[in-house]
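Enquirer: The following comprises the amino acid sequence and a computationally predicted model.
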Amino acid sequence: MIDLFSDTQTRPTPSMREAMARAQVGDEQSNSDPTTNALCERVAAMLGQEAAVFMPSGTMCNLASILVHCRAGDEIIVDDQSHIYNTEAAGAAAIGGVSVKALPTRVGLFSLAQVEAAIRVPQRTAPRSRLVSIEQTTSFSGGTVWDIGEMRLIRDYAQARGLKAHIDGARLLNAVVATGLSAAEYAAGFDSAWIDLSKGLGCPVGAVLCGTRDFIEQAWQWKYRLGGAMRQSGVLAAAGLYALDHHMTQLAEDNANAGRLHRLIADAPGLAFDPTAGQSNILCFTVDGLCITASTFANACLEEGVRVRAIGTHQIRATANLDVDRAGIDRAAEVIRAKAAAFAAMAE
Ligand SMILES: *Cc1c(COP(=O)(O)O)cnc(C)c1O
């Protein structure tokens, strides 16, 4: 099986498991787990932030950030393809009483003009605009890489109007290896930013949230309240440290593999790609031209041992990851091309 469903499917490698088994541990809740502390220091330094907290998931990083930055009745601004808006079970609303303004986007990128229009004039009748979140790279809209200049314009504009600026950096490191810009350059000046360990980095669990010392102290309290505080979390943090040492080159390979897949299937009949397709490890395309739904297409590929993900009615997402090598990509391309050709013939 060639599994391009998601980079969350990656399994810890034997060497990562060894690193986990050897981890020195203590009690995370009292800051005395040395491996977790080392991971937090390492990621805070990488992102150029004062402090960090180890979280069980990226979802909790987003939620804790929203809960620190906002109070009930506030509104946050995100893109309409974002993880916060679509796949966090409305945590901001359910737990924080925070409403979400989702800006219409094509590939997850919104403009400064959209942010300008979205920030509300303070008045009795309006929710208070409080946070802008940028997803780097975009997840459900094809791994598009945000331009750093655009990110900074939006950050500065928002902060000048009293809003906080947040980076959902589930795949920030894919952007780092794609552009050569550092994580610190991307995160500079943002009020909160995080990276996921359980996506392309291949860890079984975890994410690291960064910000000022004061922000992290408050995020820690939410983590505790939400039931996210751990004990001997060094076993998990060791996987993160191992991944940062050994899997950064893997992210570059994943990006290259998604780009290769794009090149190999770009002219397949009935498939349509956005001009931004193939910038990092995620490749999205539509099957509009084939008169079938995305799930029909995905099932047909699965029968040939290639797993891709149907997102919405017509969109397919394929995500390169450490369990699929170049030969696997070539085989996936072959299957996708063959299926596209077969459906195109039937549609005629
Ligand atoms: C996966 C993902 C998350 C959530 O991370 P988990 O660790 O799965 O909870 C948040 N944002 C984006 C963009 C993601 O891709």
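Expert: Arrived safely, thanks for sending.
Enquirer: Now for whatever residue of the stretch 151-300 of the chain ends up closest to the ligand: which residues touch it?
Expert: Closest approach of the stretch 151-300 of the chain to the ligand (Cβ to the nearest ligand atom) occurs at Ala170, with a separation of 3.3 Å. (Glycine included, C-beta is placed from N, CA and C.) Taking Cβ atoms under 8 Å, 6 or more residues apart in numbering, we find Ala170 in contact with 58, 83, 135, 139, 194-196, 199, 207.
Enquirer: Among those residues, which ones are in helices?
Expert: Counting by DSSP state H, the part of those found in helices is 58, 83.
Enquirer: what about the helices in this structure?
Expert: With DSSP H as the criterion, the chain has helices spanning 14-22, 34-46, 58-69, 83-86, 91-96, 112-118, 148-160, 172-179, 183-187, 213-225, 234-246, 248-265, 294-303, 326-347.
Enquirer: and the ones you listed, which is most packed in?
Expert: Of all the helices of the chain, helix 58-69 has the most neighbours on average by mean count of other Cβ atoms under 10 Å, namely a mean of 26.
Enquirer: helices or strands up against that helix?
Expert: Judged by 3 or more Cβ pairs under 8 Å, 6 or more residues apart in numbering; DSSP states H and E, helix 58-69 is in contact with strand 51-55, helix 83-86, helix 91-96, strand 128-135, strand 164-169, strand 192-196, strand 207-211, helix 213-225.
Enquirer: Mean pLDDT added to those, as a markdown table?
Expert: Output for these, formatted as a markdown table (pLDDT from 0 to 100):
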| stretch | mean pLDDT |
| --- | --- |
| strand 51-55 | 98 |
| helix 83-86 | 97 |
| helix 91-96 | 98 |
| strand 128-135 | 98 |
| strand 164-169 | 98 |
| strand 192-196 | 98 |
| strand 207-211 | 98 |
| helix 213-225 | 98 |
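Enquirer: of all these, which lies closest to Ala338?
Expert: helix 83-86 (31.4 Å; Cβ to Cβ).
Enquirer: if we can go back for a sec, which one of the helices of the chain lies nearest to Ile77?
Expert: Proximity to Ile77, assessed across the helices of the chain by Cβ to Cβ, is greatest for helix 112-118 (5.0 Å).
Enquirer: what does the closest one rub up against?
Expert: The list of residues contacting helix 112-118 from outside it, by Cβ under 8 Å, 6+ apart, reads 77, 101, 103, 129, 132, 150, 153-154, 157-158.
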